[in-house]
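A.B. asks: Give me a model of this one.
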Amino acid sequence: MDIVFAKTSAMIDGFHIRYGSHWPANDPLVLANPSLFTDDPREGMASTAPVWETNPVEQVTAGPGEVRGRIKRG
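C.D. replies: Numbers count the residues shown, from 1 in each chain. Next up, the predicted model:
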């Protein structure tokens, strides 16, 4: 079964749509309001860190026990 996820919270035709809730893709409410839903499973996902981040921030300083190259001066 294909599912979609609500992109917003709304009250439509007496049904409460909650942001991130999943619905059958062939549900009449979904078919009548396709702009309110997406097939992207990240919609409404909860996480302590963005697991889908595509460009992570580079660590500038050495981590614990990590040795970085040294610049010789003089």
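
A.B. asks: switch to C-alpha atoms for all contacts and neighbour counts from now on
C.D. replies: OK.

A.B. asks: Now the most centrally placed residue in the chain: which helix or strand?
C.D. replies: What sits nearest the mean C-alpha location of the chain, by Cα atoms, centre = their mean, is residue 42, with 3.1 Å. Using DSSP states H and E, residue 42 sits in no helix or strand.

A.B. asks: any low-confidence regions in the chain?
C.D. replies: Scanning the chain for pLDDT under 70 picks out 49-57, 74.

A.B. asks: At which residues are the strands of it located?
C.D. replies: Remark: strands assigned in the chain by DSSP state E are 3-6, 10-12, 15-17, 22-24, 37-38.

A.B. asks: So what are the sheet partners of the longest one and their directions?
C.D. replies: Using DSSP bridges, the neighbouring strands of strand 3-6 in the sheet come out as strand 22-24 (antiparallel), strand 37-38 (antiparallel).

A.B. asks: just the third one next, same as before
C.D. replies: The pairing partners recorded for strand 15-17 under DSSP bridges are strand 10-12 (antiparallel).

A.B. asks: Need the contact partners of the partner strand.
C.D. replies: 16, 17, 18 (Cα atoms under 8 Å, 6 or more residues apart in numbering).

A.B. asks: which of those has the most neighbours?
C.D. replies: Sorting the contacts of strand 10-12 by how many neighbours each has (other Cα atoms under 10 Å) puts residue 17 first, at 20 neighbours.

A.B. asks: how far away is that one from residue 23?
C.D. replies: As judged by Cα to Cα, to the nearest Å, residue 17 and residue 23 stand 9 Å apart.

A.B. asks: Mutual contacts of the two, please.
C.D. replies: Shared contacts of residue 17 and residue 23 (Cα under 8 Å, 6+ apart): residue 6.

A.B. asks: on that earlier part again, want to throw the contacts of strand 10-12 into CSV with distance to residue 73?
C.D. replies: Below are the contacts of strand 10-12 laid out as CSV (distance: Cα to Cα, whole Å):
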residue, distance to residue 73
16, 67
17, 64
18, 61
